[in-house]
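Trainee: Have a look at this fold, sequence not included:
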């Protein structure tokens, strides 16, 4: 009896101690043999299981790219669908290793939630969708309108700020999931539906009559969306950041999924450093030197990923806009790999 | 007959580790120490992790500006100036509102259905039985979503509002009604009404005592009605009708003015009442069946009419069986109201554990406070019901 109690106490103590040590995410992921990725419960273009149950979308592909860099296998990812409400708790508690879920980078999330935000993988802004029959052409005409919004998002706060700043009267109805929110809007509970502009285009596809609705021209906020990791593990944070920069650099240098094997023979020193034929940048991160080659080989570069998931190759048909490379008038800029 | 007792029970000498009392004490002390250690370790570990990951702790957020709107509020609340603390109270009051109205309605419906199940009329008993069997066996969340969507889909859009009498509108944004606005002197009307309530209670006590003494009955119902209405009506007219109505009018998007019962509230109330009433019906049926058939027969033999038999013989005895399980149904209804978040009703779980938690990120504090609140509400409800139960319990003479 006594022995049993002591064993139980030791086991409990060990369990507590184990959860306290969280600094070695990369080693833990390698040991588990798969990456645990917090994703959207279902947002077309960003994170959604398709008809066969495979996860697709820009955010999902980010996780696959990280898995490709670590395991040389983009399928070694376990996707954990999280609601806007639960996402940070899941990351803080270690249930997921990385959160890529249309999450806006803000100072309070960065400094008081125990998170680190990586690079911005999608520059977005908040917009409104209304029925065409309302004959509204600007968000400034929405005074007194009821607006359906999802809980636990920056959207909820921006909405209140925007209506207050423009002296408009707001009646918001708040729901826990995006599903319930868009259903209530579709049923006519609200005059307007608000979320990030990318989300508006994606949710519009789910409405009973997509053509009866328009997206208003105003973009009322800055929504830099990107991956986040737990605070205090810099090695892991570096890896997550440079995954995105490798994708950008590949696009900049014209390295694609198709030509990456030929590019291995390239004389261009930038390409050589990216693909690991020169330099030991991968080892410094705890990976192999061909880490970026693996990413591009499996996932293509950022441009290819974008067009495949949200761009012209997808039903969303979102233009690159701010998400074009810096050299083409956009905001996507990668520090040099050297 | 003598009993020889030599040296009153000399205790057999045993080693302390073989003494059952010492042993049981030691084991319990060990268990307490172990639990204490686990609790300490968990708290210390959580605090350590929070510190290391620089996650904010404490209740400093309570007075910060909330900055988000809430669609239904019983107290003044504005997103521009109200704090998280005020948002907490708004959510709590909304929870209490839906729970208290829900408990009253579920009790009425539940008693009705429970009695209907025992009806000799096959049709009534059959309907009540199907109601109980269907509602009881479907998950509550599913029912809530059904009611919400049923309410939204069935009602007309805001621009095609159904116009009801007395300046009311019904559409899928809710039921808009004229809002009473009280003028000067309304306090007097209220005072007259309260005096009427006090008077009718006094009359009932007097009538009961007189009936016990002399056996003569008084027209209690009529006198109560008169006492409630007449004084209040006289004062109301005398002080110049100090009550006006703010009538809702159709604006560009919504109907403005008046007061509104939102579809979220109605859907949640409907769902909770209909679900809980099915369980209460079964509790009531069990309670009535628990009263032995002999009691009814004895009452009939004494010449009591059927409705008097029910009111004076069956129900008082059935209540003793009904009250304890009824209490747990009330507690269930209150706790189930936290499913409000799925239909967009701003209750405590929606506002506080939802939006406030997300904006502050302080899960431990927020969830802890919410658990404390639900615990307090539940313990309070049980306390009242236990008191009521003690009053109704069998008093043996």
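Mentor: Cool, the structure landed. Just so it is clear, the structure is predicted and the values come from calculations on it, not from any experiment.
Trainee: Chain B contacts on the stretch 201-338 of chain A?
Mentor: For the stretch 201-338 of chain A, the residues found near chain B under the criterion Cβ under 8 Å from any Cβ of the partner chain are A:230-232. Where you see a C-beta, it was placed from the backbone N, CA and C, and this is true even at glycine.
Trainee: Quick check, the residue in the stretch 101-250 of chain B closest to chain A?
Mentor: When scored by Cβ to the nearest Cβ, the stretch 101-250 of chain B has residue B:152 as its residue closest to chain A, at 4.1 Å.
Trainee: residue contacts, that residue?
Mentor: A:184, A:187-189, B:172, B:263 (Cβ atoms under 8 Å, 6 or more residues apart in numbering or on different chains).
Trainee: Quick check: residue A:84 vs residue A:45, distance?
Mentor: Residue A:84 is 17 Å from residue A:45, where distance means Cβ to Cβ, to the nearest Å.
Trainee: er, residue B:271 actually
Mentor: Using Cβ to Cβ, one gets 34 Å for the distance from residue B:271 to residue A:45.
Trainee: Secondary structure element for the residue of the stretch 101-250 of chain B closest to chain A, which one?
Mentor: Counting by DSSP states H and E, the element that carries residue B:152 is helix B:140-154.
Trainee: And the helices in chain B?
Mentor: With DSSP state H applied, chain B shows helices at B:20-52, B:84-117, B:122-136, B:140-154, B:186-214, B:220-238, B:263-290, B:293-301, B:306-309, B:315-336, B:348-350, B:357-360, B:363-392, listed in chain order.
Trainee: so how many other residues sit close to residue B:304?
Mentor: Burial measure for residue B:304: 16 neighbouring residues, criterion other Cβ atoms under 10 Å in any protein chain shown.
Trainee: And the pLDDT for residue A:6?
Mentor: Reading off the confidence values, residue A:6 has pLDDT 46.
Trainee: hang on, residue A:160 packs against residue B:68?
Mentor: Yes - judged on Cβ atoms under 8 Å, residue A:160 makes contact with residue B:68 at a distance of 5.4 Å.
Trainee: Find the residues that touch each one of these two.
Mentor: Jointly contacting residue A:160 and residue B:68 under the rule Cβ under 8 Å, 6+ apart are A:172, B:79.
Trainee: Got the confidence number for the nearest residue to residue B:266 once chain neighbours are set aside?
Mentor: Nearest in space to residue B:266, with sequence neighbours left out and distances taken as Cβ to Cβ, 6 or more residues apart in numbering or on different chains, is residue B:151 at 6.0 Å. Looking at residue B:151, its pLDDT stands at 77.
Trainee: How about the contacts made by the residue in the stretch 151-300 of chain A positioned nearest to chain B?
Mentor: Residue nearest to chain B within the stretch 151-300 of chain A (Cβ to the nearest Cβ): residue A:152, separated by 3.6 Å. Under the criterion of Cβ under 8 Å, 6+ apart, the neighbours of residue A:152 are A:83-85, A:176, B:354-355, B:357-359.
Trainee: hmm, back to that, now do the helix holding residue B:152 against helix B:263-290: the angle between them, please.
Mentor: 130 degrees (axes from the mean of the first three to the mean of the last three Cα atoms, to 10 degrees).
Trainee: Now do the buried residues in helix B:140-154.
Mentor: Of all the residues in helix B:140-154, those buried under the rule 16 or more other Cβ atoms under 10 Å in any protein chain shown are B:140, B:143-145, B:147-149, B:151-152.
Trainee: Also stretch A:326-338?
Mentor: Buried residues in stretch A:326-338, counted by 16+ other Cβ under 10 Å: A:332, A:334, A:337.
Trainee: what about the closest residue in space to residue B:244 that isn't next to it in sequence, how many neighbours?
Mentor: Distances taken as Cβ to Cβ, 6+ apart place residue B:181 nearest to residue B:244, at 5.0 Å, with adjacent residues excluded. The local packing of residue B:181 (other Cβ under 10 Å) involves 11 other residues.
Trainee: check contacts around residue B:265.
Mentor: By Cβ under 8 Å, 6+ apart, the neighbours of residue B:265 are B:72, B:98, B:174, B:345.
Trainee: switch to 7 Å and redo it
Mentor: If a contact means Cβ atoms under 7 Å, 6 or more residues apart in numbering or on different chains, then residue B:265 has B:72, B:98, B:345 as its contacts.
Trainee: And for the second one, nearest residue in space, chain neighbours not counted?
Mentor: Spatially, and ignoring its direct neighbours in sequence, residue B:98 is nearest to residue B:337 (5.2 Å; Cβ to Cβ, 6+ apart).
Trainee: And the one you found, how close does it get to chain A?
Mentor: Counting by Cβ to the nearest Cβ, to the nearest Å, the separation of residue B:337 from chain A is 15 Å.
Trainee: Surely that residue touches residue B:97?
Mentor: No - with contact defined as Cβ atoms under 7 Å, residue B:337 does not reach residue B:97; the gap is 9.5 Å.
Trainee: and those two? which has more neighbours close in?
Mentor: Between residue B:337 and residue B:97, residue B:337 has the larger neighbour count (other Cβ under 10 Å), namely 25 against 17.
Trainee: Could you check the pLDDT of the more buried one?
Mentor: We have a pLDDT of 94 for residue B:337.
Trainee: do the one 5 residues further on as well
Mentor: Looking at residue B:342, its pLDDT stands at 87.
Trainee: I figured it hits residue B:145, correct?
Mentor: Yes - counting by Cβ under 7 Å, a contact exists between residue B:342 and residue B:145, whose distance comes to 6.4 Å.
Trainee: What sits closest to residue B:260 if chain neighbours are left out?
Mentor: Distances taken as Cβ to Cβ, 6+ apart put residue B:174 closest to residue B:260, at 4.4 Å, once the chain neighbours are dropped.
Trainee: List the beta-bridge partners for that neighbour.
Mentor: Beta-bridge partners of residue B:174, counted by DSSP bridges, are residue B:171.
Trainee: Could you check how many residues crowd around it?
Mentor: Residue B:174 is flanked by 25 other residues according to other Cβ under 10 Å.
Trainee: List the contacts of it.
Mentor: By Cβ under 7 Å, 6+ apart, the residues touching residue B:174 are B:260-263.
Trainee: now with 10 Å?
Mentor: Residues counted as contacts of residue B:174 (Cβ atoms under 10 Å, 6 or more residues apart in numbering or on different chains) are A:146, A:189, B:71-72, B:151, B:155, B:158, B:254-255, B:259-266.
Trainee: I only care about those residues that end up buried; give me the PyMOL line for that.
Mentor: Provided next is the PyMOL selection string for whichever of the contacts of residue B:174 are buried by 16+ other Cβ under 10 Å:
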select buried, (chain A and resi 146+189) or (chain B and resi 71+72+151+155+158+254+255+260+262+263+264+265+266)
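Trainee: Now do the helix holding residue B:152: distance to the chain's middle.
Mentor: Centre-to-centre, helix B:140-154 and its host chain are 21 Å apart (Cα atoms, centre = their mean, to the nearest Å).
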